[in-house]
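Visitor: Build the 3D model from these lines:
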Amino acid sequence: MNAESLRGHLGRLLTVCAGILLLAALAGCGSSEEAYYEEQPEQAPVVSEKAKLQYRADSLMNENRRLQDQVDAVTAENRKLTAKNAELETRLTETATAPAPMAPAMTGASPTAAYNAALDMFNSRNYPAALQQFQELLNNGSAGQLADNCQYWTGECYYGMGKYQEALNSFQRVLEYRRSGKIPYAILMSGNCDAALGNKTAAVEAYQKVVNDFPTSPVAEKAKAKLAKMK
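Guide: Just a heads-up that it's a prediction; the model follows:
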């Protein structure tokens, strides 16, 4: 091969190599560019101030709606409680105004049994029924030795019913039973009646009489306590 042919062959070889290198370079640039874009994080969209305000307004509206639902629930519950309270008050009124049951007939019962039954009614605060039973024992003459006790307890019944003048009259009648053990109690209760009626002077006199005339009576200390409060 002469020199001229060799130069031509080298020239063509260089041209081919240059083309191969150019193609390789172009392929490498494309791969690098794709990798670049794949590695870049996606940019968050820009939120406008108007959109932010709208979102906040929606949140406040939702919260207000939730609170309103709670208020409605509380209002409904309060309405139920009010209705229930009104019903209970009505029942209490009906119970308070209902006539008290009268004393059961004691036909054939002994005076002692009738007296004890009346005491049970009194202790149950069924004052009208107890009063009726005590008065019946007094009126039909069957009370016997319990007459002074029956008279005393009629006063207690009237006092429990708030009828202080009637109670005072009953307690004063106990004093007619000269040997009754209920006398100091009747005097003390007379003082209580006078105090309830606003007769302070008479009340003090009654309490003082208990202290002076019955110093060893169980009610003497009660009378002293009453006097101390009225000074």
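Visitor: Let me see the mean pLDDT of stretch 64-83.
Guide: Mean pLDDT, computed over stretch 64-83, is 68.
Visitor: Count residues in the vicinity of the closest residue to residue 168 other than its chain neighbours, would you?
Guide: Leaving aside its sequence neighbours, residue 168 sits nearest to residue 193 (CB to CB, 6 or more residues apart in numbering; 3.9 Å). Bear in mind the C-beta positions are built from the backbone N, C-alpha and C, glycine included. Residue 193 has 26 neighbours, counted by other CB atoms under 10 Å.
Visitor: Chain neighbours aside, what residue packs nearest to residue 189?
Guide: Here the residue nearest residue 189, using CB to CB, 6+ apart, is residue 171, at 5.0 Å.
Visitor: show me what contacts the nearest residue to residue 182 once chain neighbours are set aside?
Guide: Using CB to CB, 6+ apart and skipping residues adjacent in sequence, the residue nearest residue 182 is residue 152, 4.3 Å away. Counting by CB atoms under 8 Å, 6 or more residues apart in numbering, residue 152 makes contact with 170, 171, 174, 180, 182, 185, 186.
Visitor: any idea which helix or strand comes after the helix or strand harbouring residue 152?
Guide: Here residue 152 sits within helix 147-160, counting by DSSP states H and E. Downstream of helix 147-160, the next assigned helix or strand under DSSP H and E is helix 164-174.
Visitor: Pull out the buried residues from that next one.
Guide: 164, 166, 167, 168, 170, 171, 174 (16 or more other CB atoms under 10 Å).
Visitor: got the CA positions of it in CSV?
Guide: C-alpha atoms of helix 164-174 as CSV (Å, rounded to 0.1, in the frame of the first residue of the first chain):
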residue,chain,number,x,y,z
TYR,A,164,-101.1,26.8,117.7
GLN,A,165,-104.1,28.3,119.4
GLU,A,166,-106.0,25.0,119.3
ALA,A,167,-102.9,23.3,120.6
LEU,A,168,-102.6,25.8,123.4
ASN,A,169,-106.1,25.2,124.5
SER,A,170,-105.5,21.4,124.6
PHE,A,171,-102.3,21.8,126.6
GLN,A,172,-104.1,24.0,129.1
ARG,A,173,-106.8,21.3,129.7
VAL,A,174,-104.0,18.9,130.7
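Visitor: Just the helices from this structure, written as ranges.
Guide: Remark: helices assigned in the chain by DSSP state H are 3-39, 49-97, 111-123, 127-139, 147-160, 164-174, 183-197, 200-213, 220-230.
Visitor: Would you mind splitting this structure into its domains for me?
Guide: Annotated domains of the chain cover 103-173, 181-231 [automatic domain parsing].
Visitor: could those domains be laid out in JSON lines, adding mean pLDDT and distance to residue 73?
Guide: Formatted as JSON lines, these follow (pLDDT from 0 to 100; distance: least, CB to CB, whole Å):
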{"stretch": "domain 103-173", "mean pLDDT": "90", "distance to residue 73": "43"}
{"stretch": "domain 181-231", "mean pLDDT": "95", "distance to residue 73": "50"}
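Visitor: ok so, going back, next, the buried residues of the helix holding residue 152.
Guide: Per 16+ other CB under 10 Å, helix 147-160 contains these buried residues: 147-160.
Visitor: orientation of it relative to helix 183-197 in degrees?
Guide: Interaxial angle, helix 147-160 versus helix 183-197 (axes from the mean of the first three to the mean of the last three CA atoms, to 10 degrees): 20 degrees.
Visitor: Next, the angle from helix 147-160 to helix 127-139.
Guide: Using the same axes, to 10 degrees: helix 147-160 against helix 127-139 is 150 degrees.
Visitor: All further residue positions should be reported with the first residue as 7.
Guide: Understood, numbering begins at 7; the last thing we discussed is helix 153-166.
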